[in-house]
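*Asks:* got a sequence here, can you build the structure:
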Amino acid sequence: MKRSPRLTRSVAQSELAAALATLRHDLEVPAEFPAAVQQEAAAAAEKQLDDAVQDFREIDFCTIDPAGSTDLDQALHLTRDKDGLVVRYAIADVPWFVRPEGAIDTEARRRGQTLYAPDERSPLHPTVLSEGAASLLPDRDRLAFVWELRLDSSTELKQTRLSRAVIRSRRQWSYPDAQRAIDSGSAPESLQLLPEFGAGRQALESARGGASLNLPDGEVVLTERGYAIERRLPLPIEDAGAQLSLLTGMAAAELMLAGNVGILRTMPAAETSAVEQFRRQTEALGLPWSAEVSYGDYLRDLDRSRPAALAVLHAATALFRGAGYEAFDGSAPRQPLQAAIAAPYAHVTAPLRRLVDRFGLVVCAAVQSDTPVPGWVREAIPQLPKIMATSDDLASRLDSGALNRVEAALLKDRADETFDAVVLSRKDEHRRIQLVDPVVVASLNGSGEPGDQLRVRLVSADVATGEVAFAVA
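*Replies:* Predicted coordinates for the structure are as follows:
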């Protein structure tokens, strides 16, 4: 994993803090919660556990999250039976704490989701809930929606059961620690079974025609010397964890479609013209996509050590457009598929951080138990697509704006230096390039075709705006 140079405690660092604060202000990122919301959350955190739910505290659940996380939505437990695998996936029971149309609910609908900036985050719910009473922290009794998913020997889903229960997580793992335990053979059964589960589900995804870009993460991290950008591919255990959420979301979509009510995460299939253009681009880049290979398998098997692969992945984003939410009540939507997954899919695994999941969980629990979906859920569902679209747009602008400003701060004092870069895309005279080290994406006016390797010279870097300018060296 390449590591970019760290920002030193310099003028650039104070400029960056001011630039990030201005960005949040300009985007109107929500700050403190109103007093009424805080008061309602504090009271909700003191509620007694529901004694009508099932008791699953004997199950050895655990959580796997980024190091230091405290808003823990999911806990898992995997075991083997005579037919295959039994997956139990516990999701924080946020509806228990949020009164419909109360102060917390109203504010959550205004926010839509937790927003993350390098220096601070804007949570969906007050932290007394999201990092306290509702979070699946270890060694605490917690209410959860528990998905029991029975899989056959090929990890195909055969049976779904959803229960509201009290659970007790035994341990909070970080991704690196969990991966090391698996690699050394010291992990508990739940973790040891994750690679087998993940491989099986990825094989089924390939058979369905599903695909994932699996782009390297661009993560802004804070060190003792300041902010830095780290880009890395997910660990194998993260890919397996993603498959666990996908499986649960697919099971949720099946329940919603069976009950003719819910909200799906959808994406249309790529248009034929976009697919053919992408195929031509892969040929021009020297990494041709064979007609006999699905685009999901092509992207999965792409040799990412080759510089041209960066340009291929950048071009592939044209095939992953149009994602949104489809609410329905009474009849299934005309287009229920999430094309990248190649199946119907719903968001239900992150209710602490994403508004729509809370409503989806309640719908699924009602359908599973053959009881009416609550009226407050049915009334809210038609409003959720617009709320989530607005929130997703804000999250995207915050992510890109913050990353641009951190990149500018990293380069601020390096004017006239030259760097190795790869051309990602071209539009007329405008190029999109990625530096090799530090890993910065920027614009360039000059020569070069996608996949070309260039030497470029830094012209300027403006921390306040995040604008960085390069010229061909």
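*Asks:* now do the buried residues in the helix or strand hosting Glu205.
*Replies:* Glu205 belongs to helix 194-208 when assigned by DSSP states H and E. Neighbour counts using 16 or more other C-beta atoms under 10 Å place 194-195, 197-198, 200-202, 204-206 of helix 194-208 among the buried residues. Backbone N, C-alpha and C define where each C-beta goes, glycine included.
*Asks:* between these, which is closest to Ala342?
*Replies:* Closest approach to Ala342 among the buried residues of helix 194-208 (C-beta to C-beta): Glu205, at 7.3 Å.
*Asks:* which residues of the stretch 201-350 of the chain score low on pLDDT?
*Replies:* Where the stretch 201-350 of the chain drops to pLDDT under 70, the residues are 215-228, 230-232.
*Asks:* what's around His25, how many residues?
*Replies:* With neighbours defined by other C-beta atoms under 10 Å, the count for His25 comes to 10.
*Asks:* just to revisit the earlier point, who does the helix holding Glu205 touch, helix- and strand-wise?
*Replies:* Contact partners of helix 194-208 among helices and strands, from 3 or more C-beta pairs under 8 Å, 6 or more residues apart in numbering; DSSP states H and E: strand 84-92, helix 236-259, helix 295-300.
*Asks:* make TSV from the ones you listed and add mean neighbour count and distance to Arg358 to it.
*Replies:* As requested, the helices and strands packed on helix 194-208 are arranged in TSV below (neighbours: other C-beta atoms under 10 Å; distance: least, C-beta to C-beta, whole Å):
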stretch	mean neighbour count	distance to Arg358
strand 84-92	23	9
helix 236-259	21	13
helix 295-300	19	31
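*Asks:* adding distance to Val463, write these out as TSV.
*Replies:* Conversion of those to TSV gives the following (distance: least, C-beta to C-beta, whole Å):
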stretch	distance to Val463
strand 84-92	38
helix 236-259	31
helix 295-300	35
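*Asks:* closest one to Gln281 among the ones you listed?
*Replies:* Of all those, it is helix 295-300 that lies closest to Gln281, at 12.1 Å by C-beta to C-beta.
*Asks:* please enumerate the helices of the stretch 1-150 of the chain.
*Replies:* Under the criterion DSSP state H, counting those that start in this stretch, the stretch 1-150 of the chain contains helices at 11-27, 35-45, 103-111, 127-128.
*Asks:* which of the ones you listed has the lowest mean pLDDT?
*Replies:* When these are compared by mean pLDDT, helix 11-27 comes last with a mean of 87.
*Asks:* from the contact counts, what lies against that one?
*Replies:* Using 3+ C-beta pairs under 8 Å, 6+ apart as the contact criterion, the secondary-structure elements in contact with helix 11-27 are strand 226-232, helix 384-411.
*Asks:* what comes up buried for the longest one?
*Replies:* To tie it back to what came earlier, the one meant is helix 384-411. Under the neighbour-count rule (16+ other C-beta under 10 Å), helix 384-411 has 384-385, 387-388, 391-392, 394-395, 398-399, 401-411 buried.
*Asks:* now stretch 328-345
*Replies:* Neighbour-count burial for stretch 328-345, with 16+ other C-beta under 10 Å as criterion, is recorded at 328-329, 332-333, 336-345.
*Asks:* also stretch 365-380?
*Replies:* By neighbour count, and taking 16+ other C-beta under 10 Å as the criterion, the buried residues in stretch 365-380 are 365-368, 373-374, 377-378, 380.
*Asks:* closest to Phe320 out of the residues you listed?
*Replies:* Within these, the smallest distance to Phe320 is 28.1 Å, found for Ala380 (C-beta to C-beta).
*Asks:* quick one on the thing from earlier: could the buried residues of stretch 365-380 be laid out in CSV, adding pLDDT, distance to Gly466 and secondary structure?
*Replies:* As requested, the buried residues of stretch 365-380 are arranged in CSV below (pLDDT from 0 to 100; distance: C-beta to C-beta, whole Å; DSSP: H, G, I helix; E, B strand; the rest coil):
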residue, pLDDT, distance to Gly466, secondary structure
Ala365, 98, 44, helix
Ala366, 98, 46, helix
Val367, 98, 46, helix
Gln368, 97, 47, helix
Val373, 98, 44, coil
Pro374, 97, 44, coil
Val377, 98, 40, helix
Arg378, 98, 43, helix
Ala380, 98, 36, helix
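*Asks:* farthest pair within these?
*Replies:* Longest span within these, C-beta to C-beta: Gln368 and Ala380, 19.5 Å.
*Asks:* sorry, back to before: got the angle between the helix holding Glu205 and strand 84-92?
*Replies:* In terms of direction (axes from the mean of the first three to the mean of the last three C-alpha atoms, to 10 degrees), helix 194-208 departs from strand 84-92 by 100 degrees.
*Asks:* what's next to helix 194-208, contact-wise?
*Replies:* 78, 85, 87, 151, 154-156, 182, 211-212, 236-237, 239-241, 243-244, 246-247, 294, 296-297, 300, 341-343 (C-beta atoms under 8 Å, 6 or more residues apart in numbering).
*Asks:* who does Ala327 bridge with?
*Replies:* When assigned by DSSP bridges, Ala327 has beta-bridge partners Ile263.
*Asks:* got the contact list for it?
*Replies:* For Ala327, the set of contacting residues under the criterion of C-beta under 8 Å, 6+ apart consists of 262-263, 381-382, 384-385.
*Asks:* what is the nearest of the residues you listed to Val440?
*Replies:* When the contacts of Ala327 are ranked by distance to Val440 (C-beta to C-beta), Pro385 comes first, at 34.7 Å.
*Asks:* wait, Ala342 touches Gly209, no?
*Replies:* Yes: between Ala342 and Gly209 there is a contact under C-beta atoms under 8 Å: 4.6 Å.
*Asks:* name the residues contacting each of the two.
*Replies:* Gly296.
*Asks:* re earlier: so which of the helices and strands packed on helix 11-27 gets nearest Ala421?
*Replies:* In this view, those are compared for proximity to Ala421 by C-beta to C-beta, and helix 384-411 is the closest at 12.5 Å.
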